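**Q** how would this look folded up:
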Amino acid sequence: MYENDMKIIERAQNGSKEDMTKLVEDNNGLIWSIVRRFSGRGFEIDDLYQIGCIGFIKSIQRFDTSFEVRLSTYAVPYILGEIKRYIRDDGPIKVSRSIKELNVKIVELQKEYYNKYGKEITLEEISKELRISKEEITMALDSTRPVDSIEDAQYRDNKTDKTVSILEQLSTGKDEQTEIINKIAIKNLISELGEKEKEIIMLRYYKQKTQMQVSKILGITQVQVSRIEKKILGEMKRKLTI
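**A** Numbering: from 1, shown residues only. Below you'll find the predicted structure:
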């Protein structure tokens, strides 16, 4: 559905407005499928579509026709990133005062605990101390962070000694629209994980913690963290190939 003639891409890169328009129209379904995931956030859906088109055009301008990948696959992070930047910079996502105040309390508690014991406080300890759920803690801490992209969540692959993203790690080599969108919606897979597994993924790929740091936070060994993480990635990859 999203196959494109490389000659059309090259002409678009060389300034052909007609070919650029054709590429946008041919990939209209892909752009909309990503845009719809941001509905209900206080934005006009048509505005988000226009922003998505800008991201798609940027992907065309930077696309190397020698890549062994479809333009649609290559374009996904550009479309997604452009929309997220728009949402972040426009600042429409309002954080309630109570969540902001809770965030301050958590940060202060983290500092006090570290100064006193020389190590990071765990989610369980924060939950007990402040008498709130782990979900509330996560929400409060994430409220002050910029919008994350799964393409930006990176780690070092021990086999290749290269830095790769979790999206690349989960890649199955297929290019169907459904799989592309599933990769964008990786958070849906994370939400299905158990509590400990979810914490490990959040700490490793969203908080950029090392396995050693995660082991200290959760009170388990680094070997256990490594084993659980490997199992989680394998299960996620399996679900993406179904």
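**Q** domain ranges for this protein?
**A** Annotated domains of the chain cover 1-93, 97-142, 148-242 [automatic domain parsing].
**Q** and these as TSV, adding mean neighbour count?
**A** No exception for glycine: its C-beta is placed from N, CA and C like everyone else's. Listed next are the domains of the chain as TSV, based on neighbours: other C-beta atoms under 10 Å:
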stretch	mean neighbour count
domain 1-93	16
domain 97-142	14
domain 148-242	15
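**Q** what about the helices in this structure?
**A** Using DSSP state H, the helices found in the chain span residues 6-13, 17-26, 28-35, 45-62, 71-90, 97-117, 123-130, 134-142, 166-169, 177-184, 186-191, 195-201, 211-218, 222-240.
**Q** and the ones you listed as JSON lines, adding mean pLDDT?
**A** Compiled in JSON lines, the helices of the chain are given as follows (pLDDT from 0 to 100):
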{"stretch": "helix 6-13", "mean pLDDT": "88"}
{"stretch": "helix 17-26", "mean pLDDT": "88"}
{"stretch": "helix 28-35", "mean pLDDT": "90"}
{"stretch": "helix 45-62", "mean pLDDT": "89"}
{"stretch": "helix 71-90", "mean pLDDT": "82"}
{"stretch": "helix 97-117", "mean pLDDT": "83"}
{"stretch": "helix 123-130", "mean pLDDT": "89"}
{"stretch": "helix 134-142", "mean pLDDT": "75"}
{"stretch": "helix 166-169", "mean pLDDT": "51"}
{"stretch": "helix 177-184", "mean pLDDT": "45"}
{"stretch": "helix 186-191", "mean pLDDT": "67"}
{"stretch": "helix 195-201", "mean pLDDT": "85"}
{"stretch": "helix 211-218", "mean pLDDT": "88"}
{"stretch": "helix 222-240", "mean pLDDT": "80"}
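**Q** residues contacting V223?
**A** Applying C-beta atoms under 8 Å, 6 or more residues apart in numbering to V223 gives no contacts.
**Q** that one and G234: what is the separation?
**A** Per C-beta to C-beta, to the nearest Å, V223 is found 17 Å from G234.
**Q** cool, M139 as well?
**A** For M139, the distance to G234 - C-beta to C-beta - is 28 Å.
**Q** same check, this time on K111
**A** Going from K111 to G234 by C-beta to C-beta gives 37 Å.
**Q** for P77, same thing?
**A** 23 Å.
**Q** now do V107
**A** For V107, the distance to G234 (C-beta to C-beta) stands at 35 Å.
**Q** got it, and V24?
**A** V24 sits 37 Å away from G234, going by C-beta to C-beta.
**Q** repeat that for K128.
**A** 33 Å.
**Q** and R131, by the same measure?
**A** R131 is 37 Å from G234, by C-beta to C-beta.
**Q** R70 now?
**A** R70 is 25 Å from G234, by C-beta to C-beta.
**Q** what of Y205?
**A** 15 Å.
**Q** could you do I57 as well?
**A** 36 Å.
**Q** next one: G29
**A** From G29 across to G234, the span is 31 Å (C-beta to C-beta).
**Q** what's the answer for R62, then?
**A** According to C-beta to C-beta, R62 stands 32 Å off from G234.
**Q** the residue most distant from the middle of the protein, which is it?
**A** Centroid-distance maximum for the chain: K116 at 34.2 Å, with C-alpha atoms, centre = their mean.
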